[in-house]
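J.: Just a sequence and a predicted model for now, questions to come.
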Amino acid sequence: MWHSVPLTLFWFTYMASLGIYFPYFSLYLRENAGLSGTQLGLVLAVPPLIGMAAQPFWGQVADRTGARSRVLAFLSLGTAAGYLVLGYAQDFDTILLATVALSIPGTALFPMMMSVTLAVLRDAGHHAFGRVRVWGTAGFFILVVGFPWILSRYRMRYGLEAATPAVSQPGLEVMFPVTAALVFAAALIAFFLPQHGVVGVRAARGDWRELLRNTGFLRFLFFALVAHFLLHGPMWFFPLFVRSRGGDLDMIRGMWILMLIVEIPLVFSTGSGLKSLGARGLLTLGVFVGGVRWLLSALITDHHLLFAVQALHGVTVVGLNLGSPLYLDTVAPEKLRSTAQGILSMVALGIAGISSNTAAGWLVDQGGTDRLYLICGIGSLILALLAGWILPAPNHRGDRSVA
């Protein structure tokens, strides 16, 4: 279908920008900007805190106006501008303010992407979502691998090879204009996305209260809260875990490459998993395999086996990170899909993310990374066993409400 072309291009371009931002932002703040550990923590805490308000707010704007594609384009433009501003910030105060400005549109962009994508592909079949979404993972992978080459060319052009010992990646500030350019390109693509039909359904004032009476939605939010609490912290502390096992930066990078290589075909085949397991089955599988991964990581000391275990990451991504919005789309009304996706992000990335990172840090201080991964692994396995009891069976697309 013709509308899947700009949708695919949007996913590829926007996710490519994240392939630069996520791996390098904390390194830039620590070494290039010279922030202290406390200052770094405060800056990294801004996006989930802002997102807790921004994500449901922009979801309501999209649902009330029905202009979901236009809101997506607007958020992309704001995010691109935010990256440019962040690149000019030089000290802690300005970096903190710039991160706040970036987070207001930026944290709402991904749930809005999911809302628009699921609306556009509503009647395109089980396989359509995976075949569009996989290009996002491909874009992320290409920039993870390719950005070091861009950085190297930038250094050569401006003579930045002679760096101070405290800065391992001189010239890293080039990440901001490159990231901004990619997001700006995604914004232009968003203007070609469909605006009418299911993607343009409008909600009336006060309709959001339906979500408070939707037991399926509320039970799913509880499941997502616990799942992300058990999986989020260990993921962010993963580099520290690898170092505790004697691994180096090359080993960490190699594991990420392995995880993405395995993830791409699994995302592409999401439709087959959705058809055979359903959205609830994908969720259960993702949490279960995530638990197995953390448990094995805690128990294994051999580097080769530890490396191989990380291939399970792809199953968790497909099951939890893709199964969650797909399941949510079956229990939330179409007119409130953007608000529902925003609330999901608020719970999963905001509340669960902040509390999970805090608890993970405490556990590492108390008993090391092994205790963190052991507890989260066991907890994830228990949650997976309870998934059928917590999550109601989703209704068919023709019946969007949940009794």
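T.: Cool, got the structure.

J.: Near residue 296, how many residues? Count them for me, please.
T.: Counted with other CB atoms under 10 Å, the neighbours of residue 296 add up to 17. C-betas here are computed from N, CA, C, even on glycine.

J.: check contacts around the closest residue in space to it that isn't next to it in sequence.
T.: Take residue 296 and drop its neighbours on the chain: the residue closest to it by CB to CB, 6 or more residues apart in numbering is residue 309, 4.8 Å away. Taking CB atoms under 8 Å, 6 or more residues apart in numbering as the criterion, residue 309 is in contact with 293, 296-297, 300.

J.: and which of those residues is nearest residue 19?
T.: Among the contacts of residue 309, residue 293 lies closest to residue 19 (CB to CB), at 22.1 Å.

J.: Quick check: phi and psi on the closest one?
T.: phi -60, psi -50 (degrees, to the nearest 10).

J.: That one and residue 128: what is the separation?
T.: 28 Å (CB to CB, to the nearest Å).

J.: These two: which has the busier surroundings?
T.: residue 293 (23 against 20).

J.: I'd like to know how far that one sits from residue 263.
T.: Distance from residue 293 to residue 263, by CB to CB: 13 Å.

J.: which neighbours do these two share?
T.: With CB under 8 Å, 6+ apart, residue 293 and residue 263 have common neighbours residue 313.

J.: Quick check: residue 295 touching residue 372?
T.: No - at 11.6 Å, residue 295 does not count as touching residue 372 under the criterion of CB atoms under 8 Å.

J.: Which one's more surrounded, these two?
T.: residue 372 (25 against 20).

J.: Next, residue 191: phi, psi?
T.: Here residue 191 shows phi and psi, under degrees, to the nearest 10, equal to phi -70, psi -10.

J.: Which residue ranges of the stretch 101-250 of the chain form strands?
T.: For the stretch 101-250 of the chain, no strands are identified by DSSP state E, counting those that start in this stretch.

J.: thinking again about what came up before, just put the contacts of residue 309 in TSV and tack on distance to residue 242, pLDDT and secondary structure.
T.: Listed next are the contacts of residue 309 as TSV, based on distance: CB to CB, whole Å; pLDDT from 0 to 100; DSSP: H, G, I helix; E, B strand; the rest coil:
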residue	distance to residue 242	pLDDT	secondary structure
293	13	93	helix
296	14	93	helix
297	9	89	helix
300	12	87	coil
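
J.: got the domain boundaries for this structure?
T.: Following automatic domain parsing, one gets these domains for the chain: 1-195, 207-391.

J.: Among these, which comes closest to residue 201?
T.: Between residue 201 and the domains of the chain, the tightest spacing by CB to CB is seen for domain 207-391, at 4.9 Å.

J.: for residue 96, helix, strand, or coil?
T.: State at residue 96, reduced to three classes by DSSP: H, G, I helix; E, B strand; the rest coil: helix.

J.: Run through the residues that contact it.
T.: 42-43, 46.

J.: Could you do residue 205 as well?
T.: Contact analysis of residue 205 by CB under 8 Å, 6+ apart lists residue 64.

J.: how close does it sit to residue 77?
T.: Taken as CB to CB, the span from residue 205 to residue 77 is 27 Å.

J.: And residue 192, by the same measure?
T.: Residue 192 is 14 Å from residue 77, by CB to CB.

J.: Find me the pLDDT at residue 15, would you?
T.: At residue 15, the predicted lDDT confidence score is 95.

J.: State the number of residues packed around it.
T.: With other CB under 10 Å as criterion, residue 15 counts 23.

J.: same check, this time on residue 197
T.: By other CB under 10 Å, 12 other residues sit near residue 197.

J.: Look up the closest residue to it, ignoring the ones flanking it.
T.: Closest residue to residue 197 apart from its sequence neighbours, by CB to CB, 6+ apart: residue 119 at 7.8 Å.

J.: what do you get for residue 262?
T.: Nearest one to residue 262, counting by CB to CB, 6+ apart, is residue 314 at 3.9 Å.

J.: any idea of the pLDDT on the one you found?
T.: At residue 314, pLDDT is 83.

J.: wait, it sits on residue 269?
T.: No - Residue 314 lies out of contact with residue 269 (CB under 8 Å); the separation is 10.5 Å.

J.: And these two? Which one has more around it.
T.: Using other CB under 10 Å, the more surrounded residue of residue 314 and residue 269 is residue 314, with 22 against 15.

J.: chain center to the helix or strand that one falls within: distance?
T.: Using DSSP states H and E, residue 314 maps to helix 313-316. Between the centre of helix 313-316 and the centre of its host chain there is 13 Å, according to CA atoms, centre = their mean, to the nearest Å.

J.: Need the residues that contact that helix.
T.: Residues contacting helix 313-316 (CB under 8 Å, 6+ apart): 231, 259, 262-264, 266-267, 285-287, 289-290, 293.

J.: buried ones in that helix?
T.: 313-316 (16 or more other CB atoms under 10 Å).

J.: any chance of those residues in JSON lines, with distance to residue 337 too?
T.: JSON lines is the format used below for the buried residues of helix 313-316 (distance: CB to CB, whole Å):
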{"residue": "313", "distance to residue 337": "28"}
{"residue": "314", "distance to residue 337": "26"}
{"residue": "315", "distance to residue 337": "26"}
{"residue": "316", "distance to residue 337": "24"}
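
J.: Out of the contacts of helix 313-316, who's the most crowded?
T.: Most surrounded of the contacts of helix 313-316: other CB under 10 Å gives residue 287, at 30 neighbours.

J.: Could you report the neighbour count for the nearest residue to that residue once chain neighbours are set aside?
T.: Here the nearest residue to residue 287 in space, its sequence neighbours aside, is residue 384; by CB to CB, 6+ apart that works out to 4.4 Å. Residue 384: 21 surrounding residues under other CB under 10 Å.

J.: The host helix or strand of residue 384 - contacts with which helices or strands?
T.: Residue 384 belongs to helix 352-390 when elements are defined using DSSP H and E. Contact partners of helix 352-390 among helices and strands, from 3 or more CB pairs under 8 Å, 6 or more residues apart in numbering; DSSP states H and E: helix 37-65, helix 215-236, helix 238-244, helix 270-299.
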